[in-house]
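Got a predicted structure here, sequence first:
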Amino acid sequence: MNNVIHNQVVQLEIVPVAGRIGAEVRGIDLSEDLFPAVIQSIQEALLKYKVLFFRDQHQLDDEGQERFAKLLGELYAHPTVPVKDGTQAVLELDSAHGGRANAWHTDVTFVEAYPKASILRSVVIPPAGGDTVWANTAAAYEDLSPELKELSGSLRAIHSNAFDYAASAQQEAAREQTQRKNNAFVSTVYQTEHPVVRVHPETGERHLLLGQFVRRISGLRTADSDRIIDILQEHVTRLENTVRWRWAVGDVVVWDNRATQHYAINDYGDEHRVVRRVTIAGDIPIGIDGRRSITLQPKKEQAD
Ligand SMILES: O=C(O)CCC(=O)C(=O)O
Ligand SMILES: [Fe+2]
């Protein structure tokens, strides 16, 4: 009677990829109508492993990716970068147009309720290189000494999409492309204050919430702020806390954006690489002290 559901559930094979983060999910076609029990298994695995890898999802197109994403939550279109034509919420990252996310970050942390999950699909992958690395930000927090746990738990940080791209060490051509892309990226400037330690709303785990969009620690002078960010961020990116994925075309990766940072390795020169991302709406972070994140910019009355 319940054979089909039963089969879908038992065929889900979950194989850890690294010791502290990441698992490959086998025996599933994400373009199919997935039963609620299967979605639930995926969600549970996502909370446990924080990044899930699915190989050979060649049947999935943009629409299929959005359909699968909606099974995990509400679609969240990027606040400033236009969506890919003909889609509701697909963000395309094309290496030929500056789409190289080679800085450690959590997606869209410059807004208050940043996405809870991201779903990335590979479309063009270079013959070598272009791997992506994810880091477990709960393991990073747990590795801290009691003193650093206490300090980080008391701090808040300002995140923004406004960024001095001219200061980044890029070659001229790449810089021009990046500049064009970033004019769109900062068309509205966002600034949000988040706790440096976020309590995960589903697991209760504590996570360091930092990454590329952090501008400074609230209340500290720049030099002190920079050093403290460096110390904490170094714990996030320790190799022990990471998993690295060698992409093949048709791979789909889902990550818990409340529990991870990621970095797309830019080691493939002029080879072409295209990936497409859909993000799922998240909620407002809460710190250990119960304080929520707050939007500093745009001001509420300007927001509409
Ligand atoms: O290109 C990648 O592998 C990751 C890009 C990225 O940062 C993202 O999709 O959020
Ligand atoms: Fe990203």
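Great, that's in hand. Ligands and ions are numbered 1, 2, ... in the order given.

gap between G290 and ligand 1?
Going from G290 to ligand 1 by CB to the nearest ligand atom, to the nearest Å gives 29 Å. Bear in mind the C-beta positions are built from the backbone N, C-alpha and C, glycine included.

What is the neighbour count of that residue?
Neighbour count of G290, defined by other CB atoms under 10 Å: 8.

so which strand or helix has it?
Assigned by DSSP states H and E, G290 falls within no helix or strand.

Quick check on it: phi, psi?
With angles defined as degrees, to the nearest 10, G290 sits at phi 90, psi 0.

Give me the below-cutoff pLDDT ranges for this structure.
Low-confidence segments of the chain (pLDDT under 70): 1-11, 164-184, 301-304.

same thing but 90
By pLDDT under 90, the weakly predicted segments of the chain are 1-12, 98-99, 163-187, 299-304.

Give me the secondary structure label for whichever residue of the stretch 51-200 of the chain sits closest to ligand 2.
For the stretch 51-200 of the chain and ligand 2, the shortest gap (CB to the ion) falls at D107, measuring 4.5 Å. What DSSP: H, G, I helix; E, B strand; the rest coil gives for D107 is coil.

what's the distance between Y114 and ligand 1?
Separation of Y114 from ligand 1 (CB to the nearest ligand atom): 11 Å.

circling back: surely the residue of the stretch 51-200 of the chain closest to ligand 2 touches A117?
No. D107 sits out of contact with A117 when judged by CB atoms under 8 Å, with a separation of 9.1 Å.

got any residues that touch both of the two?
257, 279 (CB atoms under 8 Å, 6 or more residues apart in numbering).

quick one: contacts for the residue nearest to D256 when sequence neighbours are not counted?
Among residues not flanking D256 along the chain, K50 sits closest, at 4.8 Å (CB to CB, 6 or more residues apart in numbering). Residues near K50 by CB under 8 Å, 6+ apart: 21-22, 134, 136, 138, 255-256, 259-260.

got those residues as TSV, with distance to ligand 1 columns?
Compiled in TSV, the contacts of K50 are given as follows (distance: CB to the nearest ligand atom, whole Å):
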residue	distance to ligand 1
I21	15
G22	14
W134	9
N136	16
A138	19
W255	9
D256	13
A259	14
T260	11
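
from memory F68 sits against Q59, does it?
No. F68 lies out of contact with Q59 (CB under 8 Å); the separation is 10.9 Å.

Surely R55 is in contact with D29?
No. In this structure, R55 is not within contact of D29 by CB under 8 Å, at 11.1 Å.

Which residues of the stretch 51-200 of the chain lie near ligand 2?
Within the stretch 51-200 of the chain, the residues that sit near ligand 2 (CB under 5 Å from the ion) are 101, 107.

May I see the buried residues of the helix or strand harbouring I229?
I229 is located in helix 222-236, with elements delineated by DSSP H and E. Residues 225, 228-229, 232-233, 235-236 are the ones in helix 222-236 that count as buried (16 or more other CB atoms under 10 Å).

where along the stretch 51-200 of the chain do the strands fall?
51-54, 75-76, 91-94, 117-124, 132-136, 156-160, 191-195, 197-199 (DSSP state E, counting those that start in this stretch).

contact partners of stretch 118-126?
For stretch 118-126, contacts defined as CB under 8 Å, 6+ apart pick out 57, 60, 65, 68-69, 72, 107, 132, 247-255, 257, 268, 271-280.

filter those residues to the buried ones?
Buried members of the contacts of stretch 118-126, counted by 16+ other CB under 10 Å: 57, 60, 65, 68-69, 72, 107, 132, 247, 250-255, 257, 268, 273-280.
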